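Asks: Here you go, sequence then predicted model.
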Amino acid sequence: MEYYLVVKKIHILTAVLSVIGFAIRGWWTYKDNPVLQKKLVKILPHINDTLLLAAAIYLSLISGLYPFQQSWLGIKVILLISYIVAGTIALKRGKNQQSRLIAFWVAIASIGLIFLHAFYRPVYW
């Protein structure tokens, strides 16, 4: 439990960096910016998201809170899957600009709901 607060801060920081990075890459995708082909731009998000996931798993294990045991945490996992799927469509797999743009906003909405659940942990679900 001694590392809980440190890992929680790492989790929050990497979550914020993940969203900022996604928004920037989404803008670059929309503008067809060649910087997207840079090696660092392709690698850094994976490193950050790995740290984010590792911190989330640690926090879950150390606190004894598990998805679907706590409904708010289960909802966050479902929203995370939505964010990942929509994000890959927005940045890579979208067939055209319109589908990528719609997927981008679905991903942003999903991450916004994840943050909302993290801050308020709604009990109405």
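Replies: Everything's here; your move.

Asks: so where's this structure shaky on pLDDT?
Replies: 1, 122-125 (pLDDT under 70).

Asks: Go ahead and list the helix or strand containing the residue lying farthest from the centre of the chain.
Replies: Within the chain, residue 2 marks the point farthest from the mean C-alpha position, 25.8 Å out by Cα atoms, centre = their mean. Under DSSP states H and E, no helix or strand contains residue 2.

Asks: Residue 17 and residue 71: what is the separation?
Replies: From residue 17 across to residue 71, the span is 27 Å (Cβ to Cβ, to the nearest Å). Glycine gets a C-beta too; all of them are placed from N, C-alpha and C.

Asks: Correction: the previous question concerned residue 32.
Replies: For residue 32, the distance to residue 71 equals 41 Å [Cβ to Cβ].

Asks: out of those two, which sits in the busier spot?
Replies: residue 71 (15 against 8; other Cβ atoms under 10 Å).

Asks: Check the burial of the residue nearest to residue 106 when sequence neighbours are not counted by counting its neighbours.
Replies: Nearest residue to residue 106 in three dimensions, chain neighbours excluded: residue 86, at 4.1 Å (Cβ to Cβ, 6 or more residues apart in numbering). Per other Cβ under 10 Å, the neighbour tally for residue 86 reads 22.
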